[in-house]
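S.K.: Structure of the sequence below:
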Amino acid sequence: GFGDREVVDLPPPFGRRGVYNFESSEYDLFPALLGVASVTVKVGFENRLATRAFAAMARLSSAYGDRTARVMTALGRLAGKTGHEGGAVVVELTWPDGSIRRASLVGVQRMAALPCALAAAARAAGDRVRPGAATAYELLGHRELLQAMAASGFPVTDA
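M.R.: Numbering: from 1, shown residues only. Modelled structure (predicted):
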């Protein structure tokens, strides 16, 4: 993760920003569920220093674990004074016919917890009960999940 930097245009407040590859479940889910030929997921943080620090940390050997943790803790304290915990996720899907579709989602840290809360609320209401473990995407479907996130104030764009 956090390799292959690419500069992309993101929704406000980010604008043009460097983002990095990110290992996520979309690499497995989207080809199986949507029939796409390939998936690329990239992330970046509101704080450019934090984004670059994560990219640098990804290149370090695991031998630097304790030292890296101390440095990242110090950088986290510094970054905490210079912005918010906002982030952006960019997903690019390439279809078998060669067409490409890119979508981005921008939000703050609650962006990571909101799909879980939406899925829990749907299960608690009894309208999405199914056996076993499921992702929010599997439980709600991608359209409903993105619509709910947009209704919660997240700018969801389709580029």
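S.K.: Bridged to residue 93, which residues?
M.R.: The bridge-partner assignment for residue 93, based on DSSP bridges, gives residue 39, residue 101.
S.K.: Quick check: it touching residue 101?
M.R.: Yes: counting by Cβ atoms under 8 Å, residue 93 sits close enough to residue 101 to count as a contact (4.9 Å). The C-beta positions use only the backbone N, C-alpha and C, and glycine is treated the same way.
S.K.: These two: who's more crowded?
M.R.: For residue 93 against residue 101, the residue with the higher neighbour count under other Cβ atoms under 10 Å is residue 93, and the figures read 19 against 13.
S.K.: Let me see the contact set for that one.
M.R.: Applying Cβ atoms under 8 Å, 6 or more residues apart in numbering to residue 93 gives the contacts 30, 34, 36, 38-39, 100-102.
S.K.: Next, give me the two most distant ones among those residues.
M.R.: 34 and 102 (14.1 Å; Cβ to Cβ).
S.K.: So the two - more neighbours on which side?
M.R.: In this comparison of residue 34 against residue 102, neighbours counted by other Cβ under 10 Å, the higher total goes to residue 102 at 16 against 13.
S.K.: Go ahead and confirm that one touches residue 94.
M.R.: No: counting by Cβ under 8 Å, residue 102 sits too far from residue 94 to count as a contact (9.9 Å).
S.K.: Is residue 13 part of a helix or strand, or is it coil?
M.R.: Remark: residue 13 carries the secondary structure label coil [criterion: DSSP: H, G, I helix; E, B strand; the rest coil].
S.K.: That one: how many residues sit nearby?
M.R.: The criterion is other Cβ under 10 Å. On that basis, residue 13 has 12 neighbouring residues.
S.K.: swap in the one 10 residues further on?
M.R.: By the criterion of other Cβ under 10 Å, residue 23 has 10 neighbours.
S.K.: same thing with residue 87?
M.R.: The local packing count at residue 87 equals 21, with neighbours defined by other Cβ under 10 Å.
S.K.: measure the residue lying closest to it once chain neighbours are set aside to residue 139 for me?
M.R.: Spatial nearest neighbour of residue 87, chain neighbours left out: residue 45 (5.0 Å); criterion: Cβ to Cβ, 6 or more residues apart in numbering. Residue 45 sits at a distance of 28 Å from residue 139 (criterion: Cβ to Cβ, to the nearest Å).
S.K.: Sounds good, over and out.
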